[in-house]
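**Student:** Sharing a sequence plus its predicted fold:
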Amino acid sequence: MVVVASSMEISQISSSHLKSSLRSSIWYIGEMGRILRSILPIRSTKEDDDEYNVEYSFATEYTGPPVSYDIPRAVPVDIASIPIASVVSVSSSGNLSLPIIQPVVKRDTKLVLSEINDSRFGSDQIGADAHSPSSPEGDRSSVSLGFSDSHENSKEFSLSSDGDGLDNYCHEIEELHDASEENRTHEVISGYDNRTQIVTFREPESHAMVQEESSFDDPGMVIQEKPHASSHVKKGLCHRCLKGNRFTFKEVCIVCDAKYCSNCVLRVMGSMPEGRKCITCIGYPIDESKRGHLGKCSKVLKQLLSDFQVKQIMQFEESCHINQLPYWLVIVNGKQLSLEEAVQLRTCAYPPQRLRPGSYWYDKLSGFWGKEGHKPCQIISPQLSVGAPIKENASNGTTKVKINNRVITKVELLMLKCARINYEGSPHFWVSHDGSYQEEGQNQVKAKIWEKPGMKTICSLLSLPMPSKSFISYAEEMVNNDGKLGQGNIDTKSPTKLLLVGQDQSGTSAIYKQAKILYNVPFSEDERQKAKSLIQSNLYLYISILLKGLKQFEEEYSIQIRRKLMDQPGTSAAGGLAENIETNIYTLSAKLKYFSDWLIQIVTSGNLELVFPAATREYAPVVEELWNDKAFQATYARRTELHALPIVADYFLPQAVEISRTTYEPSDVDILYADGISSSNGLTSMEFSVPSLLPDIFMEATEQTNLLQRYQLIRVNSNNLGDNCKWLSMFEDIDLILYCVDLTSYNEFYTDNNLIVKNKMLESKNIFENIITHPRFKDKAFLLILNKFDLLEKKIKTAPLTQCEWFKDFNPFITNQSFNSDESSRNRAALVAQYGFQYIAAKFKRMFSELTGRKLYVSPVTGLEADSVGAALRYGKEVLRWVDEENKPKSSTNEWSSESIETNS
Ligand SMILES: Nc1nc2c(ncn2[C@@H]2O[C@H](COP(=O)(O)OP(=O)(O)OP(=O)(O)O)[C@@H](O)[C@H]2O)c(=O)[nH]1
Ligand SMILES: [Mg+2]
């Protein structure tokens, strides 16, 4: 039993009212502000605004030794005796006879206290004020417990667990409802219209609920009515303080469209775990008209928060589940999308632009995409397994001419006419994704539609889509790989689904990108652009680290030379200094020194991302000059001494001049090395087919003649799986889970949302435990990817595995005699790393078998090496085959030919 209240409230309760009526427990009022502050809104880091200094206290039971003075006391709350409400929303027209209440406002603290004194409240309050955007006075010390409203005079009510209490309570609800209806008519201005809430009650033991609250993962649910900003607020005014004008910068709630000025936005939106939403809008899907603005921040937040905070909020906004397109509202060829289909559609190389809920048709062969009943409006990636097969009347065509089974529209017929394609006799054309076409029944490819003269003009005149050059070459490659024109060659089997998941920094991105490169799945234009920006701004970060080092080396060198001169008899210190300045090999020219000071200052103040990559064009010549400078090169030669320089800088710095140019186009390997996944939303998917005729590392030689085999690789960051990985239930039909662990994380720590410092390896173990025990994955095959094997070899030399408490008993038996020379000591590190890997693998395997009674497969991986990732995926395929055979009747024996390491240690 825990009581939460503001410290001021608790002390007043204890001193004036509670002494006589307390139960026997003694309660210690401990300051737990740190914990509470961590769940409260982010505070402005730019201005120290006193108004945000909210103090909270926690009451916990005092268990210490007896004390001679009075300990403040608080009434313990018996949570079990409080009836529990389940909340559903219905449209205002809903004709239900359930009691309707209006949300309760927090009232004046003194009034609450006097009521406690009157012993009116046998149980805890059911509602308290949120940081209500609707109440302009908004009490700063309140905690969000229920719904909020702005009815100043609304009545608060109490609940008791007995039947009478419930009757009285229902009566009170009715009264309250009447009163609030009355208030509503008198309401002048409030931040929000009221949500119609129906609250039904159940006894604590009862599991019968009338209806659960909104459940995002259930497409069959009743969608809650969304909050809307009040239409009473005059245009231009802030919806909280009602000040400002239309020129005041404001931030907009992506759910209810309420606008807030910079003074109010943090109070109303709090820590923004789902991006820019009022606290009362958290948990609601976004306003679809705002989908295009997701992740695009306004000036207001940038002024109030640090770049890092803004970036994080924008990432939450783009990646959190509730903000994703309600995929079940997208219908393709008459079939609702599943989550995986939606991910595939969104993350393919050429996705539909501005996708909104609605009905669409998709021609899988050509990539034509359009709204149901209309002509095509886009050409997207072909061969996606989304929706049902296309229908004849998908675009409502009346021409009798068909393309890929769809009767085309009149405009399209006009296009064929302009392109001089003969459509006499109402033929049925098969058009492939590269534009090559043939008539049904004639095994002869005629030509490529897109290569017909004047097609670009024709399409733009008729408002029909025309593929870009990059799309055509991508499609041509697909056709070449398939060997033949689509029609007879379509792989109708659903792909084998692989789910790649891991903790942040475990390397899932690197492995995913590596797989893209391995299986020739091109990076989309958007991915390339994002990678380019990231690489360019990171370049300036690496340069700034080198320049800082240069400064330090310059000083050290100066002192060194001065000392040398002082030691030489007959040399004056002053003369030596003059000479020293001239000969210091780390001294930059005045211009470069100016640039150096400026860049270091930009990075130190955290403004790098504001300046770069935008200013790349301007500073490209300076980078070139710097790179050719002797002092800079001397520093670069000593880069291993600069610990702040990330390892990956070694890859990018030699290309510094090239990268700094505006014409720079990142190669696939550059994208691989650029940190993070390009779409930055934590959830990405790609599909690849392995051609049957081409040799491919994914296939065994014996299988080369088999039919095309398709795979879908879905990558998700564990941060995006929610508490206890609850969103995992959204992944249907996964065949194999690839769980990725960073082998070097055993001595690394991070601070979680509750400000608790955690060991990364232990946290990765916890996430793994959650995943393998998730009901949806009960019988699934798992492959543990122990990544960053190359780095483990380096790290284990200086940081023993025993630094992690889970690995305390790691004690490899290695004799030292054979490891004397340098070469041998390297071998020794490699051997210890090998043992380390096997030991960690065994730990995970044991845990897996204890929890599931099954066997875990493990593979060591170096995510940045193609061969290593290829081998792990190949092993994954073997695991699937093996599990498949294991599930068959016991007649067959398993021939296991894996090169991966079976850790039986
Ligand atoms: N040396 C080395 N570096 C690796 C390896 N795998 C990943 N990295 C690097 O480790 C860092 C984190 O990897 P990411 O792939 O971004 O990990 P992630 O956090 O799972 O993915 P995101 O959520 O997209 O950032 C990146 O800088 C990678 O380049 C590896 O096997 N060896
Ligand atoms: Mg990462």
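**Tutor:** Sure thing, it's come through. Residues are numbered from 1 along each chain as shown. Ligands and ions are numbered 1, 2, ... in the order given.

**Student:** all strands for the stretch 451-600 of the chain, in order.
**Tutor:** Under the criterion DSSP state E, counting those that start in this stretch, the stretch 451-600 of the chain contains strands at 496-502.

**Student:** Spell out which parts of it neighbour ligand 2.
**Tutor:** By Cβ under 5 Å from the ion, the residues of the stretch 451-600 of the chain that approach ligand 2 are 504-505. Backbone N, C-alpha and C define where each C-beta goes, glycine included.

**Student:** low-confidence ranges in the stretch 451-600 of the chain?
**Tutor:** 478-493, 569-582 (pLDDT under 70).

**Student:** can you map out the helices along it?
**Tutor:** Per DSSP state H, counting those that start in this stretch, the stretch 451-600 of the chain carries helices over the ranges 455-461, 469-482, 508-518, 525-567, 573-583, 590-604.

**Student:** so which of the ones you listed is the most packed in?
**Tutor:** Highest mean neighbour count among the helices of the stretch 451-600 of the chain (mean count of other Cβ atoms under 10 Å): helix 508-518, with a mean of 24.

**Student:** what's that one packed up against?
**Tutor:** strand 496-502, helix 668-673, strand 683-690, strand 709-717, strand 736-742, strand 781-787, helix 866-887 (3 or more Cβ pairs under 8 Å, 6 or more residues apart in numbering; DSSP states H and E).

**Student:** what angle separates it from helix 525-567?
**Tutor:** Comparing the axes of helix 508-518 and helix 525-567 via axes from the mean of the first three to the mean of the last three Cα atoms, to 10 degrees yields an angle of 120 degrees.

**Student:** Other residues contacting helix 508-518?
**Tutor:** Contact with helix 508-518 is made by 500-502, 521-523, 668-669, 671-672, 675-677, 684, 686, 688, 697-698, 713, 715-717, 738, 740, 785, 787, 861, 863-866, 869-870, 872-873, as judged by Cβ atoms under 8 Å, 6 or more residues apart in numbering.

**Student:** how about it against ligand 1, any contact?
**Tutor:** Yes. Residues of helix 508-518 are located near ligand 1 by Cβ under 6 Å from any ligand atom, namely 508-510.

**Student:** can you check stretch 330-349 too?
**Tutor:** No. Stretch 330-349 lies out of reach of ligand 1 by Cβ under 6 Å from any ligand atom, never closer than 12.8 Å.

**Student:** related to what we said a few turns ago, need the helices of the stretch 451-600 of the chain in CSV with distance to residue 408, can you?
**Tutor:** Below are the helices of the stretch 451-600 of the chain laid out as CSV (distance: least, Cβ to Cβ, whole Å):
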stretch, distance to residue 408
helix 455-461, 14
helix 469-482, 20
helix 508-518, 34
helix 525-567, 28
helix 573-583, 78
helix 590-604, 56
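
**Student:** just to revisit the earlier point, would you list the residues of helix 508-518 next to ligand 1 in TSV and tack on distance to residue 447?
**Tutor:** TSV is the format used below for the residues of helix 508-518 next to ligand 1 (distance: Cβ to Cβ, whole Å):
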residue	distance to residue 447
508	44
509	41
510	42
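
**Student:** Between these, which sits nearest ligand 2?
**Tutor:** residue 509 (6.0 Å; Cβ to the ion).

**Student:** mind checking how far that closest one is from residue 749?
**Tutor:** Residue 509 sits 21 Å away from residue 749, taking Cβ to Cβ, to the nearest Å as the criterion.

**Student:** of the contacts of helix 508-518, buried ones?
**Tutor:** Neighbour counting by 16 or more other Cβ atoms under 10 Å classes 500-502, 521-523, 668, 671-672, 676-677, 684, 686, 688, 698, 713, 715-717, 738, 740, 785, 787, 861, 863-864, 866, 869-870, 872-873 among those as buried.
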